[in-house]
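Q: build me a structure from this.
(one chain, ligands or ions: 1)
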Amino acid sequence: MIANTRWLFTAMCLIFIFEANSQNADSAYGERYRPQIHFSPKKGWMNDPNGMVYFNGKYHLFFQHNPNSTVWGPMHWGHAISTDLVHWKELPIALYPDALGTIFSGSAVIDKNNTAGFGANAMVAIFTSHNHTMEKEGFEKVETQSIAYSSDEGNTWTKYKGNPVLPNPGIRDFRDPKVTWHEPTQKWIMTLATKDHITFYSSADLKNWSEESKFGKNSGAHGGVWECPDLFPLNYEGKEIWILIVNIGSGGPNGGSATQYFTGHFDGHHFTANDAETKWLDYGVDNYAGITWSNTGDKKIFIGWMSNWAYANVVPTVNWRSANTFARELAIKKAGEKYFVSSVPVAEINLLKAASYNAKKIKAGNINITSKAGKMNGAAILNLTTDHLKSFRIILSNNAGEKLLLGYNEKTDQYYIDRSRSGNIAFAKDFGQKITAPRLTTENNADLTLIIDAASVELFADKGLSVLTAIFFPTSHYTHITLTSDDGILINQLNFTHLNSIWK
Ligand code: FRU
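A: Prediction:
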């Protein structure tokens, strides 16, 4: 009898485990906090986006990936593709650790002219090999640059036999190569983060690299080691302006990791900055290590890792950790006499639009948007415009009384996101701190776009001049959204649109 009961109990447990597992499998991309319109890995850990390259109608997105754990560890390059920058399909892992080390961040190019000899149009990845064994033994020269190539659109890869192609000159932090073709000099340019500055290298064949110049020891923010750079031109009213992106692991404008950039000129050898000001691509705390796609012509599309090294390893997700930002298109904007880089969500977000609510010329007061547009149960986008910006506040909330506040404060002339009452904030010190972005434009009229997902909000103000990205972890989904303004801001146009999940 006892034996029978035990057997029954064991059988019931097995059925329960089986059901739980199959439920998990069914609910892949449906778990708590799982972004519905942002890329996240099916399972395991993800950090920096890597090797983004457009080829044959597909946007390739590789990423720093620890497939067997939800914390940072031995780095591989995960791989996903998209035809529209919105819907992503995760593919098998592209690059595995090897004798030279684990695979740290880097970039990918299409070698149209077969400069490297791997075949015309080979996809070539240029990445940092990080040798943990040497690191444990106390060596300084643990990071070198290596290459790998693929002749089948990134599905299978061959590491180059002559790796590393760029040995370490004696700098501990020597990583994250971003390579681009420089037409006027007919050379590949590698922009490399070398501790507290950038070193530019050039090559005719992706295999032999010579140093060109250094930039930045005394420029910009230095609250952390320089990482993940990018270099590209943007056009402003017929004028070519070069942008140098430099990520820093800590010391961002609101604490922790952030992305700074310089505007200036690159002549194939040297980068010269226009001004000495430190500029931030995104003032938020959750947009790091972002760079742009290569091979997209004049259009520059950026994506970042939507987390921060201050807490990335402990955010309360279960089967996976971290998502990317929504893909953003970069442009130059002038405010006063200075050039800034603006970012706005790529237009393809329109592909996800479902039911929407529109209003014109409303004085807020207190507008309960979801009472008109229907409760949020997934992602959404909110757009509003005003001719005369005054203080206002948008509140995302749930039935548990948790809220995320964001908006504009006229006194300080800042946009802000306040996560102090947003839900679970206890896993990291300072997670509840209010974050702010200065208003850069000098105009009275304003526009605001919010992209809201299960665990993130991206705020784009003034056509993407002031940007704030932040993640959050409420105990249940935010279902309500309201807009309030003590000063009675007059909203010209308000549009709230529910967005369909990219995983369904
Ligand atoms: C940035 C970074 C890179 C490095 C990678 C390792 O987040 O630290 O500098 O290549 O992550 O995963």
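Q: kindly provide the distance from residue 331 to the ligand.
A: As defined by CB to the nearest ligand atom, to the nearest Å, residue 331 lies at a distance of 25 Å from the ligand. Every C-beta, even on glycine, is put in place using the N, C-alpha and C of the backbone.
Q: doesn't that residue lie inside a strand?
A: Yes. With DSSP: H, G, I helix; E, B strand; the rest coil as the criterion, residue 331 is part of a strand.
Q: report pLDDT for it.
A: pLDDT, residue 331: 98.
Q: assumed residue 351 was part of a helix.
A: Yes. Assessed by three-state DSSP, residue 351 belongs to a helix.
Q: gap between the most centrally placed residue in the chain and residue 498?
A: In the chain, the centroid-proximal residue (CA atoms, centre = their mean) is residue 304; its distance is 1.2 Å. The gap separating residue 304 from residue 498 is 25 Å, by CB to CB, to the nearest Å.
Q: ditto for residue 111
A: 43 Å.
Q: report how many residues lie close to residue 347.
A: Counted by other CB atoms under 10 Å, the residues lying close to residue 347 total 9.
Q: in this protein, which spans are helices?
A: Here the chain has its helices, by DSSP state H, at 2-26, 132-136, 369-373.
Q: of these, which shows the lowest average pLDDT?
A: Across these, helix 2-26 has the smallest mean pLDDT, namely a mean of 40.
Q: picking that back up, pLDDT at the residue nearest to the centre of the chain, what is it?
A: On the pLDDT scale, residue 304 gets 98.
Q: quick check: closest non-adjacent residue to it.
A: residue 290 (2.8 Å; CB to CB, 6 or more residues apart in numbering).
Q: list the contacts of that neighbour.
A: 49, 228, 245, 247, 259, 281-282, 302-305, 325 (CB atoms under 8 Å, 6 or more residues apart in numbering).
Q: please report the distance of it from residue 374.
A: From residue 290 to residue 374 the distance is 33 Å (CB to CB).
Q: what of residue 295?
A: As defined by CB to CB, residue 295 lies at a distance of 41 Å from residue 374.
Q: dig out what the residue in the stretch 151-300 of the chain that the ligand sits nearest to forms beta bridges with.
A: As assessed by CB to the nearest ligand atom, the ligand sits closest to residue 227 within the stretch 151-300 of the chain, at 3.5 Å. Under DSSP bridges, the beta-bridge partners of residue 227 are residue 247.
Q: what sits against it?
A: Going by CB under 8 Å, 6+ apart, residue 227 touches 105, 173, 175-176, 193, 246-249, 289.
Q: can you flag which of those residues belong to strands?
A: With DSSP state E as the criterion, strands contain 105, 175-176, 193, 246-248, 289 from among these.
Q: check contacts around residue 419.
A: Each residue near residue 419 by CB under 8 Å, 6+ apart is listed here: 404, 425, 431-435, 470, 472.
Q: strands of the stretch 101-250 of the chain, start to end?
A: 102-111, 122-130, 143-150, 158-159, 174-182, 187-194, 197-203, 210-215, 226-236, 239-248 (DSSP state E, counting those that start in this stretch).
Q: those strands into TSV, with extra columns for distance to residue 70?
A: Formatted as TSV, those follow (distance: least, CB to CB, whole Å):
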stretch	distance to residue 70
strand 102-111	17
strand 122-130	20
strand 143-150	25
strand 158-159	27
strand 174-182	23
strand 187-194	26
strand 197-203	32
strand 210-215	37
strand 226-236	22
strand 239-248	23
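Q: please identify which of those strands is closest to residue 344.
A: Proximity to residue 344 (CB to CB) singles out strand 226-236 among these, at 13.6 Å.
Q: count of neighbours near residue 281?
A: That count, for residue 281 with other CB under 10 Å as the rule, works out to 25.
Q: next one: residue 205
A: When neighbours are defined as other CB under 10 Å, residue 205 has 15 of them.
Q: residue 76 and residue 94, how far apart?
A: Applying CB to CB to residue 76 and residue 94 gives a distance of 8 Å.
Q: more neighbours, those two?
A: Taking other CB under 10 Å, residue 76 and residue 94 do not tie; residue 94 has more neighbours (26 against 22).
Q: contacts only, for the more buried one.
A: Contacts of residue 94 by CB under 8 Å, 6+ apart are 51, 62, 76-79, 125, 150, 154, 157.
Q: what does residue 34 give?
A: With CB under 8 Å, 6+ apart, residue 34 has these contacts: 40, 317, 320, 454-455.
Q: please apply the same query to residue 36.
A: Residues in contact with residue 36 (CB under 8 Å, 6+ apart) are 29, 378-379, 453-454, 499, 501-503.
Q: next step: those restricted to strands.
A: In strands, judged by DSSP E, the following of the contacts of residue 36 are found: 379, 453, 499.
Q: hmm, the first one is touching residue 453, no?
A: Yes. At 4.6 Å, residue 379 and residue 453 qualify as touching, with contact defined as CB atoms under 8 Å.
Q: can you pull out the strands in the stretch 401-504 of the chain?
A: Counting by DSSP E, counting those that start in this stretch, the stretch 401-504 of the chain has strands at residues 403-409, 414-418, 435-438, 446-453, 456-461, 466-471, 480-499.
Q: which parts of the longest one are buried?
A: By neighbour count with 16 or more other CB atoms under 10 Å, strand 480-499 contains the buried residues 480-485, 489, 491-492, 494-499.
Q: adjacent strands (with direction) for it?
A: Here strand 480-499 is paired, per DSSP bridges, with strand 353-368 (antiparallel), strand 379-386 (antiparallel), strand 392-397 (antiparallel).
Q: coming back round to it: in JSON lines, list the contacts of residue 290 along with distance to residue 236.
A: Listed next are those as JSON lines, based on distance: CB to CB, whole Å:
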{"residue": "49", "distance to residue 236": "26"}
{"residue": "228", "distance to residue 236": "24"}
{"residue": "245", "distance to residue 236": "17"}
{"residue": "247", "distance to residue 236": "23"}
{"residue": "259", "distance to residue 236": "20"}
{"residue": "281", "distance to residue 236": "16"}
{"residue": "282", "distance to residue 236": "20"}
{"residue": "302", "distance to residue 236": "17"}
{"residue": "303", "distance to residue 236": "22"}
{"residue": "304", "distance to residue 236": "23"}
{"residue": "305", "distance to residue 236": "28"}
{"residue": "325", "distance to residue 236": "24"}
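Q: can you list the residues of this protein near the ligand?
A: Listed as neighbours of the ligand in the chain under the rule CB under 6 Å from any ligand atom: 47-48, 64, 75, 104-105, 128, 175-176, 227-228, 289.
Q: could you list the domains of the protein?
A: Per automatic domain parsing, the domain ranges recorded for the chain read 1-30, 31-310+322-345, 352-499.
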